[in-house]
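In: Fold the following, please.
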Amino acid sequence: MDLSTTYLGLKLRTPLVPSASPLSEELDNIKLMEDSGASAVVLYSLFEEQLRRDRLELNQHLEHGTESFAEALTYFPEPDEFTLGPEEYLKHISAAKQAVNLPIIASLNGSSVGGWTEYARLIEDAGADALELNIYYIPTDPTLGSTEVEDTYIEILKAVKAVVKIPVAVKLSPFFSSFANMAQRLDVAGANGLVLFNRFYQPDVNLETLEINPNILLSTPMAMRVPLRWVAILHGRIKASIAATSGVHRASDALKMLMAGADVTMLCSVLIRHGIKQIGEIEKEMANWLEEHEYESVEQLKGSLSQKNCEDPSAFERAQYMRAISSYPLPPA
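Out: Residues are numbered from 1 along each chain as shown. I've put the predicted structure just below:
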């Protein structure tokens, strides 16, 4: 069974790719991902806040005591006297490239142009095969219009594309006035891929401490419905590769995403819940299903139920809502 696919111009053995998560912080886990059948790995994210913090720490190190006396320049610390988080990330990329034969996709998580361009170039130099920009942006300023918000995404993408040659994917949320238009704008601006979608971790209220707490909930298969719809709508309408993420826990979930038009399906919560070796189980079940249904390859399956190829394109639009409501079984009176 030919499970191969192409994502960001990279030829991959299967569509199964572990997405950015703490699992990839350990080199042994990345090796296990390869052994379990992963076709590529998206590393854990380097956050914009880390870049800002470390830049401030560096300035503090270099400026400390410089006003004491004229010879203060001789008291500048040597570079090896302090270790910056981003430097460790670059070392991790290099180590991962040496340890496995998989494409390594780095991840930058932020919301402004800032220092992304500098570190994007360093990430490329460290050996990353591609870069994923996880733009986690929650606009809270009521005077900020939707056009300005959308322009921020385009500016970030263009700034990064201007300094790197490796493929760049954009991971974003579905919360746009016109997501189809936003996807097209990113495609035109040079995105090599779109990752649908990142998950906004919502805060919670602690009634005992009266504090706002971060609250991380792992996804369930139900979470795949939103990316499934937009993968299907965008397939064949943009040149960029499409990665489906959120809610992919089983072989059936991955197969549905591929039928909708995804080039790869990304795994996270399922690996945290059941272990990295679950990749191999999902691959085995996918291959069995394809064989039972007389498919010869993933490419033959891909996009077969996208909006472009579906017999009933309205199923992905408002008609789906009306049909779902009218067909729901009500309890007997």
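In: ok, which stretches of the stretch 101-250 of the chain are helices?
Out: 116-125, 146-161, 179-188, 225-234 (DSSP state H, counting those that start in this stretch).
In: Ok, which of those helices comes nearest residue 23?
Out: helix 116-125 (19.2 Å; Cβ to Cβ). Bear in mind the C-beta positions are built from the backbone N, C-alpha and C, glycine included.
In: now the closest one and helix 146-161, what's the angle there?
Out: 40 degrees (axes from the mean of the first three to the mean of the last three Cα atoms, to 10 degrees).
In: other SSEs contacting helix 116-125?
Out: helix 48-63, helix 85-99, strand 104-110, strand 130-135, helix 146-161 (3 or more Cβ pairs under 8 Å, 6 or more residues apart in numbering; DSSP states H and E).
In: what's near enough to touch residue 270?
Out: 248, 249, 250, 278, 282 (Cβ atoms under 8 Å, 6 or more residues apart in numbering).
In: what do you get if the cut-off is 10 Å, keeping everything else the same?
Out: Contacts of residue 270 were listed using Cβ atoms under 10 Å, 6 or more residues apart in numbering, and they are 18, 218-221, 247-250, 253, 276, 278-279, 281-282.
In: And for residue 248?
Out: Counting by Cβ under 10 Å, 6+ apart, residue 248 makes contact with 15-17, 19, 219, 221, 223-224, 227-228, 254-257, 262, 264-270, 282.
In: same thing but at 8 Å, please
Out: 221, 224, 254, 257, 265, 266, 267, 270.
In: Assess the claim that residue 231 and residue 260 are in contact.
Out: Yes. If you go by Cβ atoms under 8 Å, residue 231 and residue 260 touch, sitting 4.4 Å apart.
In: shared neighbours, these two?
Out: 244, 306.
In: Can you tell me the closest non-neighbouring residue to residue 227?
Out: Nearest non-adjacent residue to residue 227, counting by Cβ to Cβ, 6 or more residues apart in numbering: residue 196, 4.4 Å away.
In: For the one you found, report the pLDDT, please.
Out: On the pLDDT scale, residue 196 is placed at 97.
In: Quick check, it in contact with residue 230.
Out: Yes. Using Cβ under 8 Å, residue 196 is in contact with residue 230, at 5.4 Å.
In: These two: who's more crowded?
Out: More crowded of residue 196 and residue 230, by other Cβ atoms under 10 Å: residue 196, with 27 against 22.
In: and that one, how far is that from residue 93?
Out: Residue 196 sits 25 Å away from residue 93, taking Cβ to Cβ, to the nearest Å as the criterion.
In: contacting residues for residue 264?
Out: 5, 7, 12, 15, 16, 17, 39, 40, 241, 243, 244.
In: what about 10 Å?
Out: 5-8, 10, 12, 14-17, 19, 39-40, 42, 193, 195, 241-245, 248, 254, 257-258, 298.
In: which intervals of the protein have sub-threshold pLDDT?
Out: For the chain, the stretches with pLDDT under 70 are 52-85, 115, 200, 318-326, 328, 333.
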